[in-house]
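> here is a sequence with its predicted model. Questions after.
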Amino acid sequence: MTEHLTKETFLSRVFNYEKNKEWKFEGTKPCIIDFYADWCGPCKMVAPVLEDLATDFDGKIDVYKVNTEEQQELASAFRIKSVPSFLFVPVDGQPQMAMGALPKDTFIKAFKDVLGIEK
């Protein structure tokens, strides 16, 4: 199941950018963060794909969503200029950003290549 993040939950579960200048992941398992907006057509197309992936990879990955309209500070902190944008966050190493509506197989490939997770 996907979970919506606020600034407070983002700081405690993903990255506390107020405290740390260098990237330091706060989570215990890899995650993907969907930066989206309610008015965005491609965002609406990707939403059910993310729900499916959250179910398919349950227990292996956290799937988060950030509404860029409601959480403008988070969107600004990650320089989100277009939605949807996805942040793939491995437990170790640097996160990677992807933009645009991605097909399910592209997410699965990124989970393997970037996050080191397979079904």
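Yes, it's here.
> any idea which helix or strand comes after the longest helix along the chain?
Criterion DSSP state H: the longest helix present in the chain is helix 41-56. If you walk from helix 41-56 toward the C-terminus, the next helix or strand you reach (DSSP states H and E) is strand 62-67.
> check the offset of that next one from the chain's centre.
5 Å (C-alpha atoms, centre = their mean, to the nearest Å).
> mind telling me what element the residue of the chain most remote from its centre is part of?
Ranking residues of the chain by C-alpha distance from their mean position (C-alpha atoms, centre = their mean) puts Lys19 at the top, at 20.4 Å. Per DSSP H and E: Lys19 is located in neither a helix nor a strand.
> just give the nearest non-adjacent residue to it, would you?
Leu11 (7.9 Å; C-beta to C-beta, 6 or more residues apart in numbering). Glycine gets a C-beta too; all of them are placed from N, C-alpha and C.
> and Gly27, by the same measure?
According to C-beta to C-beta, 6+ apart, the nearest residue to Gly27 is Arg13 (5.4 Å).
> number of nearby residues for the one you found?
18 (other C-beta atoms under 10 Å).
> circling back: okay, the residue farthest from the centre of the chain and Gly116: tell me how far apart.
Using C-beta to C-beta, to the nearest Å, Lys19 is found at 26 Å from Gly116.
> now swap in Thr28 and tell me
In terms of C-beta to C-beta, Thr28 sits 14 Å off from Gly116.
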